[in-house]
Structures are given as structure tokens and as C-alpha cells.
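What follows is a predicted structure for the sequence shown.
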Amino acid sequence: MVDNFIKINGAYENNLNHVSLCIPKHKITVFTGVSGSGKSSLVLDTIAAKSRRELNDTFPTFVQQYLPKYGRPHVDSIENLPIAIVIDQKKPANNSRSTVGTYTDIYALLRLLFSRVGKPFVGYAESFSFNHPEGSCPRCSGLGEIRELDIHKLVDFNKSLNDEDTIHYIAFGKGGWRWIRYAHSGLFDLDKKICDYSPEELDLFLNSPQIRLKNPPSNWPKTAKYEGLIPRMYRSIINSEEGLLHSAVLNPMLRMGTCPDCGGTRLSPRVLSCKIEGKNIAEVCSMSISRLKQWIQSLNSPLAVDLKQAIEARLTALDDIGLGYLSLDRAVGTLSGGEAQRCKIAKYINSSLSDVLYILDEPSIGLHHHDIQLIRQSVQRLRDAGNTVLLVEHHKEMISIADHIVDMGPGPGIDGGNIVFEGTYDELLKTDTATGSMLSVSCSINSHPRKPADMFALKNASLHNLSNVSVDFPLNTFCVIAGVAGSGKSSLMECFRQKWPQSEDVIYISQKNIGISLRSTPATYMDVAPDIRKLFAKKHKIKEQYFTFNGKGACPVCGGKGVIVSEMAFMDNIETICEACGGLRYSNEALLYTVTSSDGSKVLNIAQVMDLSVRLASEFFKGTIIEEKLKPMMDMGLGYIHLNQALSTLSGGELQRLKMASYLGENGKIFIIDEPTDGLHPKDIHRLINLFNQMVMRGNTLYIIEHNLDIIKSADYIIEMGPGPGEKGGKVIFTGTPQQMTQSKQSVTAQYL
């Protein structure tokens, strides 16, 4: 029956070549293929976007302005499409008031529990919230930490208000709109040094609450109030969004630390006095989820029966998915992408909703093989509850649970965008597609590891779950830092960075973005855009500015954006391709000029050149500095990306490899690379291993934080953290070669090698 399938007709988003397929409902379908083959374009940018857009359309237009915006996918039609819930790798917004407890709604249930069962009674559920005035610590306003202003770092007391840069913050400089409130108040001699103010004047300048001036000068605004510098800084800057926006300027003037009044619990003394079986709500939230579950089960009060079941079900879902080591007071901003994604999955495990389309973007990222089994079971539970599950995946163990597999390819970028296989896992293994052939291949264990040139001794490292850890780090080798998620790998490398004597030698390549914007592209990031402009300018003897859409070469109608944006008040903005430039961004004059390829076979204008993929650009500019600068991207397997592609469209794994590409020419450095295989097809992982070995041969030291078994097998040396996550980890459980690891009884990873 067609109703048992989601039917996609003619999808042509990004590199998709008018793809049509039927996806079985109430099954697990896994989308595989090399990086850039079109998996995300089909699953996220087409199927998910279509579902979310149509769901948003059911709300009033006034409500729609507050909902996430999804682009209109390029697809002829999609039939029988359920409501989609996307569980991606994006971390929740880094809000200082958001914790694991608030994010999973468990804290709301605990607040209700304490209001019912806790003694003495201190108020209803909202009284136990650190985000509510009744429950928050008065000193830190529920943040758990204080940011106290060092007035001597803000104000130069040896200057007057008429001097330049007396108050070192935005708009407080002479003539600034904030400076005016002091200079035009008539309260101070503007040429008098602040250190010469009388005690009364100084107190008025620094500490005065908001007051109305009795006889203000004529240039003082009629409705304005005067306020001392310190309370004004706290009210309008330190405790506001502006403080976060301008943290680089503000933070050097602040003393930060745990709030001494609440001890970091965020709550008022009155709330902390209410206890259940000797524990207040802050002490309960500081327990690991595994221990908290046991504590909840031990409660005997008849008033707690219903709440016990609800809390226990949510805690069990988190524990079963491998997050039992987290605590509810853990700030959401400190979670890894994989931890945040598993929190989201756990939220939906207990949902009563059925016939929902769950879309998971590489849920295996950041997981040890030990944890993969847990997430496999959770995904199967989502399906067994009557839902349809779509996975974008590279991990063999996750692909193997599929009821149906769609393999995209055959290559990346313009070489992809087609379905090259549909069927079962066993059938995929028999094919010669890139995925099928690589799934049946495994790296052999490195039997000839390099010997370290020297060892660096890290002693008594203590950070997060590390407690007095000492370990020797090998130099001039390819070293993997292994261990289950949450075992202390990143903490160990943070301690290494702090202790290494020459910090400039250490290059840390994390999973974080690289300062992306719509106007930043691979051409600008790899610094080839100026060389391309110079080539055009030199040939035609005109200024380089005429070949940039951020300068004189921009289309005069759209200003170099390529689109015209029409604002529609409460409704989505409407973007239309600029008719003047056809979306090319350049002026007609700029497009008149051309350059010829190195072999003389092609003639292209600036827009056509910038639209080339890295691979085609390397061929076009063969033998030039441009090819040389693009070679690292080719080596990293990023040849399919276009020169003018906005970095905001790249995945986290692609951005990380782009960062690595920019460092490939370095020698004699120490690289700490955080999970470089994230989002990589097995074919690309083997290429990465060859690159790592080349980097070591050039005199570099590599410390790779990684779970991938092929990477671990190929290493010269392994340091494994564990044995478990959180409080069960934080210890070095193995050091040595991959061959030695296979014989280790302490290693958690050994059994999977």
C-alpha cells in the first residue's frame, strides 16, 4: 500500500539529481554515502524542511514569526509525510540558566516533589526555581556565580571626565552617549581628577542609586534620572545581554567565581533549608543520574508515588542511553554535541506520540563502541513505538540495525546526488559501492609503531573528573586519546595544554565553528580569493576591487547578495533571485572580463571561476599559487566543495577538515584534534590516516581524541581514559601500542579491536 511509504518525487535540493524514492513507514531507514554525496540534502534539507514548513503553516501568521524558519525545499512533491522531529548534533543555546535538569524537564518535577514532600514547607513549585525571584539566590540572581566589577580596571582615577579614555567601556569615552549622563549632570567639575573628588562626590559618582536631579542644567533630558557608575554597570551591562555581547571588553574588568552566598547552587538559603531525607534540591541535582535514580526509588512518602514514576521514567531513559554519569545541575553549554543529542533522544523515548517521523543526524558521533549498543537500542525503541526513523550515518554498527538502506553517491558534490543502492544491510555488503566495499574492509593493527622521540611528563592533573592524574605523553608520534564518552579525554588534553611550556607550539583543532558568515567562503578562508582577483586585475589592467562582490564589482541592484529580500511583517521574508545579475552577485561590467585556464582549454569570467569546485579550480589554475593553496583541501577530501560556497552551509566535520587543511603546511608543531572522523565516510577516514602519518613524518606530534577503531588501530601510541564516564572515569587505564592494547585486561576498548 502506498500509505505505508513516504513518497518523494523529484528532489533537486543542492546536488540532488531529481531523486525519487519510497521510504517505508514504521521502519528504520539509514542514509549512507561519502561525505557530500547528498544525504543531508535529501533527509534534512528536503524531507525535514518540507514537514517542518507545513507544520508551521498550521499556526497563525502572528505565531509563525516566533517559529524557526525553514527554506522552501526544491522538490516536485512529497506524499504521506508525517510530522518530523529532527534530533541533530546542534547543542542547545548556551544559556547560563539552562541545565540538564531544566532541559529535560526533570527539574520541574523535582520542584513539584519538594513542594509536596520537603520539610519544612517553604512554598510551591516555583519557589524552588533558580529562575524565579522567590527561589533564586539574591546575590547572584540564580546564576550560581558572581561577576564583580573591579572599579580600578574600569576607571582611570588619575584622569578627569574631560580627558580621553577615563572610563574604559563602550560609549563612556568623552562625547559618548553614556559619558553625557555624567558630564551634563552638573554634579562634577569635568577638569578635576577623579582621585581628587571629595568622599561625597566620589560616592555620588560611583554608588548613587537612580535619582531625579533637583536643579539640572538646561542640556539635561527632562525625564532622565542620574545613576552612579557601579549600579549602572551592573544593571544595564554586566547583568544584561550586552555583557554577553561585549564579553571580550567587559570580562577583563570582572572578578569571576562561585557565588559565596549560595555556594554555586543558585538558590536562596530559605529554599535550601527544605529537605527530603536529609537532602535539599541542590544536593539532589548534584548527584549523577544513576545515583539519583536509586535515591528516587528509595522514597516512601505516599505523596510522592505519581511523581516518583514520572521522574524515574525520565532518569531511566537518560541512564539507558549512556548518560547516567551526568548530573542535573550540569550546564547545557558544557555538553558535547553527542551528549546533547542523546538528551534529546531520551526526551522522546517516553513520549506518547505515535506515527512521528524522527530524523537523527549521525547519532553515533562522539560515542565509544561501548556506548553504540545503548543508542542502537534507543533508536529501535523509537521505531517499536510506531514511529518512522531516518538516520544519516557512517558507523557500521548503526547502519547494521537498518530495516532499509539508501546509499547516496557515487561521489561527493557534483559527482553525487544519486541513489546508488537501496536494500538491506546484507545486500549492501555484496555491492561495489563506496559504502558497501568499505564496510567489509578493516584496518589491520599497526605492527610497526614509531618510537617516541621523547616523553613529556604530565603530573597531578586535576580538572573536572580528573584527580591527580599523571601520565607520559609521547612526542613526534601519532597518539590517540581513547576512552568512553565522558571518561576525561578532553579534560586530560586541556591539562596538557595548560602545562606545555611553549603554548604557541600547540594547535588545537576543535569541533567548533571557524567564525563563519554568509560572506566567508573556502576561497576567502584559504586565501585564494585575492590571488584570483589579482589574476583578473593584472590581465585587464584594472583595480582588483572590480572583481569582488563586496566591493566595486558588486551588482548595483542587490549589493552583491544575489537575492532581493522582501520583508513581510509577521510572515517569512520572501527572497527572490536578483533579476539584474541572475544571482551571480557581480555587476555586468565585472562579468565582461575573463581569464583562460592554464592549458588554454577554458575561458571563464569571475562568477564562473568562483563557482568552480576546489577540484576543478585546481585543474583550471594548474601550476599556479592558487593550485598550491588549494592542495591541502584536496588532500583533506574537500575537492567537491565550491570556492564560493558559504561556510555556513558546511557540516561540522567539513569545517573541521577545512581548519586542518589550513594547517597542513606546519612543521614541528603539536596538534590536538578533537574527533576528526565526525561525519566522515570510511573511505575518507583511510585518507585521513595517511595524512596523519604524513604530518608526523614532517616532525609534528599528533594527539587525536577519537573513538574510531581504524584510527586507534593505526596509531603509534594510545592513552586510554576510563574505565567509565563521569565519576566512574578520570583515570588512565592503559598506555602503550595498539598491539599491547589487545592484550590489556584493563582496557575497555581492547575487546572491540
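Sure, I can see it.

Now Ser490: which helix or strand?
helix 489-499 (DSSP states H and E).

ok, now Glu339?
Per DSSP H and E: helix 337-349 holds Glu339.

hang on, the earlier thing: and the helix holding Ser490, what does it pack against?
strand 455-461, strand 469-474, strand 478-482, strand 506-509, strand 670-674, strand 701-705, strand 717-722 (3 or more CB pairs under 8 Å, 6 or more residues apart in numbering; DSSP states H and E). All C-beta atoms are positioned from the backbone trio N, CA, C, and that covers glycine.

gap between the last one and the chain center?
Looking back up the chat, that one is strand 717-722. Distance, stretch centre to chain centre, for strand 717-722: 25 Å (CA atoms, centre = their mean, to the nearest Å).

That one pairs with which strands?
Strand 717-722 pairs in its sheet with strand 478-482 (parallel), strand 731-736 (antiparallel), by DSSP bridges.

right, and the ones you listed - which one's nearest Cys259?
With CB to CB as the measure, strand 731-736 is the member of these nearest Cys259 (31.1 Å).

now the angle between strand 469-474 and that closest one, please.
20 degrees (axes from the mean of the first three to the mean of the last three CA atoms, to 10 degrees).

What mean pLDDT does strand 731-736 get?
Per-residue pLDDT values over strand 731-736 give a mean of 97.

got a list of contacts for that strand?
Contact with strand 731-736 is made by 469-472, 483, 488, 717-723, 741, 744, 746-750, as judged by CB atoms under 8 Å, 6 or more residues apart in numbering.

Isn't Gly560 up against Phe549?
Yes: in this structure, Gly560 is within contact of Phe549 by CB atoms under 8 Å, at 3.5 Å.

Can you work out which residues contact both of these two?
585-586.

which of the two has more neighbours?
Phe549 (24 against 20; other CB atoms under 10 Å).

Quick check: phi and psi on that one?
phi -80, psi 0 (degrees, to the nearest 10).

got a pLDDT number for it?
At Phe549, pLDDT is 82.

Okay, strands next: where are they in the stretch 101-250 of the chain?
145-149 (DSSP state E, counting those that start in this stretch).

one step back: give me the buried subset of the contacts of strand 731-736.
Buried subset of these (neighbour count, 16 or more other CB atoms under 10 Å): 469, 471-472, 483, 488, 717-723, 741, 744, 747-750.

and the gap between the residue of the chain positioned farthest from its centre and Ser185?
The outermost residue of the chain relative to its centre, with distances by CA atoms, centre = their mean, is Asn215 at 53.9 Å. To Ser185, Asn215 is 11 Å away according to CB to CB, to the nearest Å.

Over to Asp674?
Taken as CB to CB, the span from Asp674 to Ser185 is 52 Å.

Compare neighbour counts for these two and give me the winner.
Asp674 (21 against 17).

Could you identify which of the strands paired with strand 717-722 is most buried?
Greatest average neighbour count among the strands paired with strand 717-722 goes to strand 478-482 (a mean of 26), per mean count of other CB atoms under 10 Å.

neighbouring contacts of it?
So strand 478-482 is in contact with 368, 450, 473, 489, 492-493, 692-693, 696, 701-707, 711-712, 714-721, 749, going by CB under 8 Å, 6+ apart.

Give the PyMOL command for selecting the buried subset of these.
Only the buried entries of these go into this PyMOL selection, using 16+ other CB under 10 Å:
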select buried, resi 368+450+473+489+492+493+692+696+701+702+703+704+705+706+707+711+712+714+715+716+717+718+719+720+721+749
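
tell me the contacts of Asn80?
Here Asn80 is in contact with 2-3, 5-7, 25 (CB under 8 Å, 6+ apart).

Now the buried members of those residues.
So, by 16+ other CB under 10 Å, the buried ones in the contacts of Asn80 are 5-6, 25.

returning to what we had before: who touches the helix holding Glu339?
85, 87-92, 100, 103-105, 314, 317-318, 320-323, 326, 332, 335, 358, 360-361, 363, 365-367, 375, 378-379, 381-382, 485-486, 511, 652.

repeat that for 6 Å
87, 89, 91, 104, 317-318, 321, 323, 363, 365-367, 378, 381 (CB atoms under 6 Å, 6 or more residues apart in numbering).

which one of those residues is nearest Asn280?
Closest to Asn280, out of all of these and judged by CB to CB, is Thr104, at 20.1 Å.

can you tell me how far the closest one sits from Asn80?
Thr104 is 32 Å from Asn80, by CB to CB.

thinking again about what came up before, tabulate the strands paired with strand 717-722 (TSV), appending distance to Val155.
Putting those into TSV (distance: least, CB to CB, whole Å) gives the following:
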stretch	distance to Val155
strand 478-482	46
strand 731-736	48
